[in-house]
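A.B. asks: Next come a sequence and a model predicted from it.
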Amino acid sequence: MGPPPTRDNDWSYATWAKHARYADRVQLPFHEPHYYWQSSVSAKERSNSKDTWCFISRDLPSFSNPEPTFFGFNPPEQKGIQCRFGERGVTAATHYDSGRNMVAMVSGAKRYVLAPPNQCAKLGV
C-alpha cells in the first residue's frame, strides 16, 4: 500500500475525475500520488429552505433532513456532510471517525480494517 493522500489542492471534480480515470487506465503505482476529492456541507444548511440547498444536500436528503432519519437520527448533533471520492489505489491513514459513516462502492473494491474504539491505542490512533 502506498502513503495516504495528505496534500490539499483546489481541484474541481472534473479535474479529479480526469486524474482518477488516468490512475485507473495506467494502474497508477502505489508510490505515485493518489487523491481524494472531497466536498462538504455545513450542518446549518439543513435549517435553510430546501430550494437553497447545494447539490449534495439535495441528492442525499437522508443526510440533510432536519427531521430524524435512519442515517441522521439526531440532526441537531450532526456535524454536516463530508463526501469523499477515492481513486484506484488511494490509502487512508489510520484514523478515528466520531460520526456515523456510510460507504458506497460505485466501482471496484476497497479493503477496510475496522476496530472498536477501545482498540485505538493499539492502532496508534
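C.D. replies: Sure, I can see it.
A.B. asks: For the closest residue to Trp11 other than its chain neighbours, what is the enclosing helix or strand?
C.D. replies: In this structure, Trp11 finds its nearest non-sequential neighbour in Trp37, 6.7 Å apart by CB to CB, 6 or more residues apart in numbering. Heads up, the C-betas are built off the backbone N, CA and C, glycines and all. Per DSSP states H and E: Trp37 is located in strand 36-42.
A.B. asks: and the helix or strand just after that strand, average pLDDT?
C.D. replies: Per DSSP H and E, the first helix or strand lying C-terminal to strand 36-42 is helix 55-59. Averaging pLDDT along helix 55-59 yields 84.
A.B. asks: Against which helices or strands is the helix or strand that helix 55-59 is followed by packed?
C.D. replies: With elements assigned by DSSP H and E, the helix or strand that comes after helix 55-59 is helix 61-64. Helix 61-64 sits against helix 55-59, with contacts defined as 3 or more CB pairs under 8 Å, 6 or more residues apart in numbering; DSSP states H and E.
A.B. asks: What are the buried residues along the helix it packs on?
C.D. replies: Residues of helix 55-59 classed as buried: Ile56, Ser57 (neighbour count, 16 or more other CB atoms under 10 Å).
A.B. asks: hmm, back to that, model confidence for the residue nearest to Trp11, exactly?
C.D. replies: With respect to pLDDT, Trp37 has a value of 86.
A.B. asks: Please verify my assumption that it contacts Phe85.
C.D. replies: Yes: contact criterion CB atoms under 8 Å: Trp37 and Phe85 qualify, at 4.6 Å.
A.B. asks: Determine the longest helix present in the protein.
C.D. replies: helix 13-26 (DSSP state H).
A.B. asks: what packs against that one?
C.D. replies: Against helix 13-26 (3+ CB pairs under 8 Å, 6+ apart) you get strand 36-42.
A.B. asks: Could you export the helix-or-strand element of the chain with minimal mean pLDDT as PDB, CA atoms only?
C.D. replies: Using mean pLDDT, DSSP states H and E, helix 61-64 stands out as the lowest-scoring helix or strand of the chain, at a mean of 79. Extracted C-alpha coordinates of helix 61-64, given in PDB (Å, rounded to 0.1, in the frame of the first residue of the first chain):
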ATOM      1  CA  PRO A  61     -31.700  14.200   1.600                       C
ATOM      2  CA  SER A  62     -31.500  11.400   4.200                       C
ATOM      3  CA  PHE A  63     -28.300  13.000   5.500                       C
ATOM      4  CA  SER A  64     -29.600  16.600   5.200                       C
END
